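> one predicted model, sequence on top.
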There are 2 protein chains.
Amino acid sequence: MRIYNFNPGPAMLPPAVKQQIAEDLPNWRNTGVSVMEVSHRGAEFRQLVDETEDLLRQLLGLPANYRILFMPGGARQQYSMVPMNFARPDQQAVYFVQGHWGKDAIREAGKFCRARPLMPYVADRPYAQIPEHNFDSITPDTAYFHYTPNETLEGIEWHHYPDVPHDVPVVADMTSNMLSRPLDMTRFGAIYGSAQKNLGIAGITLGIVREGLLDRAPENVPLMLDYRTYANSQSLHNTPPTFPWYVANLVLNWLKREGGLEAMAARNQKKSALLYDFIDGSDFYHNPVRSDHRSRMNVPFWLADESLNERFLTESREAGLLGLKGHRFVGGMRASLYNAMPMEGVQALVDFMRDFEKRHG
Amino acid sequence: MRIYNFNPGPAMLPPAVKQQIAEDLPNWRNTGVSVMEVSHRGAEFRQLVDETEDLLRQLLGLPANYRILFMPGGARQQYSMVPMNFARPDQQAVYFVQGHWGKDAIREAGKFCRARPLMPYVADRPYAQIPEHNFDSITPDTAYFHYTPNETLEGIEWHHYPDVPHDVPVVADMTSNMLSRPLDMTRFGAIYGSAQKNLGIAGITLGIVREGLLDRAPENVPLMLDYRTYANSQSLHNTPPTFPWYVANLVLNWLKREGGLEAMAARNQKKSALLYDFIDGSDFYHNPVRSDHRSRMNVPFWLADESLNERFLTESREAGLLGLKGHRFVGGMRASLYNAMPMEGVQALVDFMRDFEKRHG
């Protein structure tokens, strides 16, 4: 039975990447040992570091004045690093919050600067759209504007760039949708994202920062939370998470072979449309999100009869469809459709859902 | 040709661990996918987390009032976390510095508390012993005493516990010698160590903290630098580095099968004695460290004729002996003999060194 893994992250890897991991394990690049056992300062790993940066620059068409950083700690650590590096303690930073992760980001930022929501977050139930807003209250002295272009619990995604005034730097938590389509990096001061969705496995976090922002940090930032520590050392100041970095390299090579971000954008659009169209055509399943704000990466859906939830999860697992349980904060189901999920996986899910509805509807 | 990897870290893994990684890759514990692709909140990974903690408690004979934490960021991140969590900004912490890593630790701590060296560090050349000292200047209000029981560049190791007065908590950076012999944890307030030497691969850091110390941190510590974040969630507050955690689990299982820490202690003693005895019996090679302060983990040595260095490195690589180049700050050679290095590897190194001396001495 072919297995399809809809986990929200850690998520599935492309089969070709897993195959390469298996092949490399006894003897990586003629070192005689595995990539896990070589020095991060040796010639072979330095070459992997250079290659990985080149691949990212090519795939994203990155301008030269942006620096690529590989960091530990996940997006959660970035929630501290962004305000500690980009804002003075007395300075205002504006956060746009339309879901779970944005809420956690602003809460953490409040420890280090005057973090203010663009408009209040009403937490009584999951948002079903990006709230109506304007940016009139953003003043020129704002340190930065932060938002979360894709919220994984609510299944809400921005399909446009926010028009933030006064050249206030835009910072985005792109953990769950980076590399899923082309990106105009010139619209951003900085982006960041944990790797375990579209860039491999847990344990490493990608950051891309415009050079001018790197000099804002005060002197007393903890060494490993200071972006300059990474920018000044090609992220090799201390021993980095070498194996997750290696997997990121394999994933980027796979992305390139598959046609790059344009190809991914087309495929991701098609995959999510297949699932949303099926859900919208059914009374048995539903997704409440406004259609032009729906996430291509995370598709939450609910059964009209929630008493069937456990049966749905058991039967889907038996059919080789893994990881469909919704986040514990919102319940229901969720199918995560990152780059590595093939069209056949989504088709298999829709076929299962149709059959399940027939049997239980 | 059998390859022996003397890298200082990332270092060699036990062959049995690499074999298990290869076997698990297509289908870990009947999940149908690899361990890299499962949720850290799923039943299978939670079981691995419980097992790993149990193994550590067994191997170390850990008292119940110590908490086990798995963290990102390496020991470097701990250099910030220790003072941020255990000292008030106006409070004194005393650092014992006899080498490279201790020096970096106290420099970082100075950002967050009144970090004071027990005695001045004289950096003109590598130390060849633990300096003479007494603890008379440590006062009862000292937040903690920090030391580095094994210095990897200098090859200096403490073979006794420091007798710090007034119940001042002792904190140790055990990155390079933890799990290499039994440990009386009751002598410590906290220890920490990156995994890539004796606990698997880079990307995860073990901390063991006495419960009473967990409540010292102020409220505004960055979330991922607050020990309580890990202590209150079994280190699962956010997505952890799951693959490095899994490898740590395999290494601990291997340690247990090999006889535990007593067996490791005997083996490590024998391995390092073989190499030191050979070096001491030769005029061609030398190690300057006082014999009762020598490291069992990292054996630096120098050729009397340094013009032969490149040839030594080339020929040793050709003989399958990898990673022997000394740290760039001290030059010469270094053989790292962590738990995974078998006696046969050390014997092969000594045989090569004897032969090289015959041909070039």
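Sure thing, it's come through. Numbering: from 1, shown residues only, chains lettered A, B, ... in the order given.

> correct me, but residue A:144 touches residue A:168?
Yes. Counting by CB atoms under 8 Å, residue A:144 does reach residue A:168; the two are 6.4 Å apart. To be clear about C-beta, it is placed using only N, CA and C from the backbone, and glycine gets the same treatment.

> who touches both of those two?
residue A:94 (CB atoms under 8 Å, 6 or more residues apart in numbering or on different chains).

> so between the two, which is more surrounded?
More crowded of residue A:144 and residue A:168, by other CB atoms under 10 Å in any protein chain shown: residue A:144, with 25 against 20.

> how near is the more buried one to residue A:306?
For residue A:144, the distance to residue A:306 equals 41 Å [CB to CB, to the nearest Å].

> and for residue A:89?
46 Å.

> repeat that for residue A:350.
According to CB to CB, residue A:350 and residue A:306 sit 20 Å apart.

> so for these two, which sits in the more crowded spot?
It is residue A:350, of residue A:350 and residue A:306, that has more neighbours when counted by other CB under 10 Å, with 16 against 11.

> quick one: contacts for the more buried one?
A:274-275, A:278.

> which elements pack onto the longest helix along chain A?
As assigned by DSSP state H, the longest helix anywhere in chain A is helix A:260-280. The criterion is 3 or more CB pairs under 8 Å, 6 or more residues apart in numbering or on different chains; DSSP states H and E, and the helices and strands that helix A:260-280 contacts are helix A:43-60, strand A:285-286, strand A:298-303, helix A:343-360.

> mean confidence for that helix?
Model confidence over helix A:260-280, given as mean pLDDT, is 98.

> quick one: that helix to strand A:298-303, angle?
10 degrees (axes from the mean of the first three to the mean of the last three CA atoms, to 10 degrees).

> CA atoms only: put helix A:260-280 into CSV for me.
The C-alpha trace of helix A:260-280 is given here as CSV (Å, rounded to 0.1, in the frame of the first residue of the first chain):
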residue,chain,number,x,y,z
GLY,A,260,11.6,25.4,-9.1
LEU,A,261,9.1,27.7,-7.4
GLU,A,262,6.9,28.4,-10.5
ALA,A,263,6.3,24.7,-10.9
MET,A,264,5.6,24.3,-7.2
ALA,A,265,3.1,27.2,-7.2
ALA,A,266,1.2,25.6,-10.1
ARG,A,267,1.2,22.2,-8.4
ASN,A,268,0.2,23.5,-5.0
GLN,A,269,-2.6,25.5,-6.5
LYS,A,270,-3.9,22.4,-8.3
LYS,A,271,-3.6,20.1,-5.3
SER,A,272,-5.4,22.4,-2.9
ALA,A,273,-8.1,23.2,-5.4
LEU,A,274,-8.9,19.5,-5.9
LEU,A,275,-9.5,19.1,-2.1
TYR,A,276,-11.4,22.4,-1.6
ASP,A,277,-13.6,21.7,-4.6
PHE,A,278,-14.5,18.3,-3.3
ILE,A,279,-15.2,19.7,0.2
ASP,A,280,-17.3,22.5,-1.1
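
> which residues does it contact?
A:59-60, A:179-183, A:255, A:258, A:285-287, A:291, A:294-297, A:299, A:301, A:335, A:337, A:339, A:341, A:343, A:346-347, A:349-350, A:353-354.

> what angle do that helix and helix A:43-60 make?
Here helix A:260-280 points in a direction 60 degrees away from that of helix A:43-60 (the same axes, to 10 degrees).

> in helix A:260-280, what counts as buried?
Within helix A:260-280, the residues scored as buried using 16 or more other CB atoms under 10 Å in any protein chain shown are A:260-261, A:264, A:267-268, A:271-272, A:274-276, A:278-279.

> related to what we said a few turns ago, just the helices and strands packed on helix A:260-280: most buried one?
strand A:298-303 (a mean of 23; mean count of other CB atoms under 10 Å in any protein chain shown).

> so what's the gap between that strand and the chain middle?
The chain centroid and the centroid of strand A:298-303 are separated by 18 Å under CA atoms, centre = their mean, to the nearest Å.

> is it in proximity to chain B?
No. Strand A:298-303 does not reach chain B (CB under 8 Å from any CB of the partner chain); its nearest approach is 13.7 Å.

> who are the packing partners of that strand?
helix A:260-280, strand A:285-286, strand A:333-336.

> the inter-axis angle of that strand versus helix A:343-360?
Relative orientation of strand A:298-303 versus helix A:343-360 (the same axes, to 10 degrees): 10 degrees.

> what residues does strand A:298-303 touch?
With contacts defined as CB under 8 Å, 6+ apart, strand A:298-303 is touched by A:8, A:126, A:150-155, A:176, A:272, A:275-276, A:279, A:284-287, A:289, A:309, A:312, A:326-327, A:330-337.

> repeat that for 7 Å
A:8, A:152, A:155, A:176, A:272, A:275-276, A:279, A:284-287, A:309, A:312, A:326, A:330, A:332-337 (CB atoms under 7 Å, 6 or more residues apart in numbering or on different chains).

> give the rounded mean pLDDT of it.
For strand A:298-303, mean pLDDT is 98.

> can you dump the C-alpha atoms of it in CSV for me?
Below are the C-alpha coordinates for strand A:298-303, written out as CSV (Å, rounded to 0.1, in the frame of the first residue of the first chain):
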residue,chain,number,x,y,z
ASN,A,298,-3.0,23.4,5.3
VAL,A,299,-6.6,22.4,4.6
PRO,A,300,-8.6,22.1,7.8
PHE,A,301,-12.0,20.5,7.4
TRP,A,302,-14.8,19.3,9.7
LEU,A,303,-17.3,16.4,9.4
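
> what's the distance between the closest residue to residue A:158 other than its chain neighbours and chain B?
The shortest distance from residue A:158 to any non-neighbouring residue, by CB to CB, 6 or more residues apart in numbering or on different chains, is to residue A:149 (4.4 Å). Residue A:149 sits 19 Å away from chain B, going by CB to the nearest CB, to the nearest Å.
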